[in-house]
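**Q** for reference, the sequence and a predicted model appear below.
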Amino acid sequence: MSTNRLQRTHRSTKIPNVKLRPVPVSTASRERQRADAEDDAHFQATRDHGTTRGAHTAQDFLASKPLQGVVLSFTGITDEKRELVDIAEQLGARVHKNLTSEVTHLVARQPGSEKYKCAVRFHMHVVRPEWLYLVREAWLAGEDAVDIAQLADESRLGALEGMHIALSGVDESTRARLAERIHEQGGTLAPRLSLDGSLTHLACGPDDGRIRKSYTRVVEQQALARHYTTDALPAPIRAAAAIKLVHVEWIDECCDTGTMLPEDEYDARAPLAPRPPRPQPPPRIPMAERTISAPAPAAPPQKDLARLVHRIHSQTEPGLGQAPKRTGLLALTRAERFGQEAPKLFAQRTFHVAMADDARTRRVASAIRGAGGVLVAEQDAMYTVRPLVGGRGAGQCVTHHWVELCLHYDRLVDPKAYVASEPTRAPMPVPGADAVRFSFTGVDREGPEYHHALAAIHAIGASVEDAMSRARTTHLVAEGDARHGVKAQKAAAWGVPVVGYEFLQKVLRTGRLRETSDVPPPPPPPPPPDASDTPDAEPTPEPEQDVPSSQSCHM
């Protein structure tokens, strides 16, 4: 091996008495590292003490995706399938190539495929691809939970979707009736027989001596096509060979059942045999139940243990048994939360619903009717349901969040006691709220109050920080014992106000963030890096009268 330095493989040379050192870390980087170390120490202390309230757990970061637990399969879709699969996975759904027993929804453009026939047999939801786009639009619009059940009904694949049907041997009144039914199920009616390849079916009337020229022509062309190779035939004959001849009863029964029935059972070249009454399909499993019953990511076992303990206490201790039942709302759709059985909850009560758009108005109105409420004109209503930011009305004004709370707890609640349950009385957003950033601790992130608090913060014009940070968090929202927990103590040391849900209620009511009786002044800016290591760098305690009350806003 050569000893010449210039011939070394790495082509490096050594310079005597020279040492290479890394670039000094900048002041800003040291400050960020110090802040991260403080956060790490806080969460480490929380874990060491076995405390989960006030700390971020795995459930805190559970994504509220609208299609969580939904399993999809596709049929007859090629060009846009990759895009649809990406959208479905982004929304939390799983996609199966094959139609298995786990599949809850089949996405299709047209009926008739083998997957479609199996899905109909097992009463699965069959929807058009537009359903995924509608769910994504509703989710991106900021709805706390998307009503995938209603959107699936709106996007349900029609029994005759994409079919181009001609009629033969029917009178004008029957033609008009069938044309309307075909249109309702997504099909189109051809004005006359056309052998250009666009027709899929020819529905024929009864053979009662009426002239059926279209039927006779197609039968002749199909008989000719059976004696020759299809590729060698002229285009009109090939088009006639692809047309399916059915009795007109096929259209009526497809529309009655909402599914495409096998054409072989209604072949117009044979007399229609007397048919026994078709059994009604069993009731389809509600969308919310199918969604929850589908496999979902495993949750921490502590949740099931806590639920078991609560159930035991509710059976043995009368005091604990009166606590309102809570369910996991992050895994539920709006249809399930609004559509849960609440018999006669709103009985003998009148409502007027005036949401920001027709879709939300219909959803809220449907939930109220399902709970026994009566919808009337605004001047006759006991309750007027409006958006959080949408003005006042006659009667007692409440928001759709209040309706959700009542259905969640299965009782009428006081709208003044819950955040975002009454429409705002002040203009929104609040001036200066864009600089306000809230963090949460000790709140039930599966309960409706947390999601309503997020809606209130959005209406105010503020933002939410996932993790409390000395540099960014301006307010810490704490509930229950967490007001005296490790995180609240750290916030007090940093000069960050610790508030509750009642603070958000007052901001919505007054339109002011800087209430001296409620919130201390904003914390002073962080000390310079050189002074942060000395005892003098500790923040000066705020005056006692400016510290928010530690009384819990228990809901």
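**A** Nice, thanks for sending it over.
**Q** can you give me the strands in the stretch 301-450 of the chain?
**A** Under the criterion DSSP state E, counting those that start in this stretch, the stretch 301-450 of the chain contains strands at 350-353, 374-375, 383-386, 396-399, 437-441.
**Q** what about the stretch 151-300 of the chain, any weak spots by pLDDT?
**A** In the predicted model, the stretch 151-300 of the chain carries pLDDT under 70 at residues 229-232, 274-300.
**Q** quick one: the strands in it?
**A** Using DSSP E, counting those that start in this stretch, the strands of the stretch 151-300 of the chain run over 164-168, 188-189, 201-204, 244-247.
**Q** just the ones you listed: most buried one?
**A** Burial of these is given as mean neighbour count (mean count of other C-beta atoms under 10 Å); strand 201-204 ranks first at a mean of 24. Glycine gets a C-beta too; all of them are placed from N, C-alpha and C.
**Q** packing partners of that one?
**A** Counting by 3 or more C-beta pairs under 8 Å, 6 or more residues apart in numbering; DSSP states H and E, the packing neighbours recorded for strand 201-204 are strand 164-168, helix 213-225, strand 244-247, helix 249-257.
**Q** list the strands paired with it, with their directions.
**A** Sheet neighbours of strand 201-204, with direction, are listed as strand 164-168 (parallel), strand 244-247 (parallel) (DSSP bridges).
**Q** other residues contacting that strand?
**A** 163-170, 178, 193, 212, 214-215, 218, 243-248, 250-251, 263, 268 (C-beta atoms under 8 Å, 6 or more residues apart in numbering).
**Q** residue 116: neighbour count?
**A** Using other C-beta atoms under 10 Å, residue 116 is surrounded by 21 other residues.
**Q** how about the contacts made by the residue nearest to residue 377 when sequence neighbours are not counted?
**A** The shortest distance from residue 377 to any residue that is not its chain neighbour, by C-beta to C-beta, 6 or more residues apart in numbering, is 6.5 Å, and that residue is residue 352. By C-beta under 8 Å, 6+ apart, the residues touching residue 352 are 375-378, 380-381, 383-385, 393-395.
**Q** quick one: buried ones out of those residues?
**A** When the contacts of residue 352 are checked for burial by 16 or more other C-beta atoms under 10 Å, the buried set is 381, 383-385, 393, 395.
**Q** name the helix or strand for residue 477, please.
**A** Using DSSP states H and E, residue 477 sits within strand 475-478.
**Q** can you name every helix or strand that that strand contacts?
**A** Packing partners of strand 475-478 (3+ C-beta pairs under 8 Å, 6+ apart): strand 437-441, helix 486-494, strand 498-499, helix 501-510.
**Q** mean confidence for that strand?
**A** The predicted model gives strand 475-478 an average pLDDT of 95.
**Q** each with direction, which strands does it pair with?
**A** The sheet places strand 475-478 alongside strand 437-441 (parallel), strand 498-499 (parallel), with pairing taken from DSSP bridges.
**Q** closest one to residue 142 among the strands of the stretch 301-450 of the chain?
**A** Nearest to residue 142 among these is strand 396-399 (14.8 Å), distances taken as C-beta to C-beta.
**Q** out of the helices and strands packed on strand 475-478, flag the one nearest residue 367.
**A** In terms of C-beta to C-beta, the element of the helices and strands packed on strand 475-478 nearest to residue 367 is helix 501-510, at 23.0 Å.
**Q** next, the buried residues of that closest one.
**A** By neighbour count with 16+ other C-beta under 10 Å, helix 501-510 contains the buried residues 501-508.
**Q** could I have the CA atoms of it written out in CSV?
**A** The C-alpha coordinates for helix 501-510 follow below in CSV (Å, rounded to 0.1, in the frame of the first residue of the first chain):
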residue,chain,number,x,y,z
TYR,A,501,-65.2,26.8,30.3
GLU,A,502,-67.0,29.7,32.1
PHE,A,503,-64.3,32.0,30.7
LEU,A,504,-65.2,31.0,27.1
GLN,A,505,-68.9,31.6,27.9
LYS,A,506,-68.2,35.1,29.2
VAL,A,507,-66.2,36.0,26.1
LEU,A,508,-69.0,34.8,23.9
ARG,A,509,-71.5,36.8,25.9
THR,A,510,-69.5,40.1,26.3
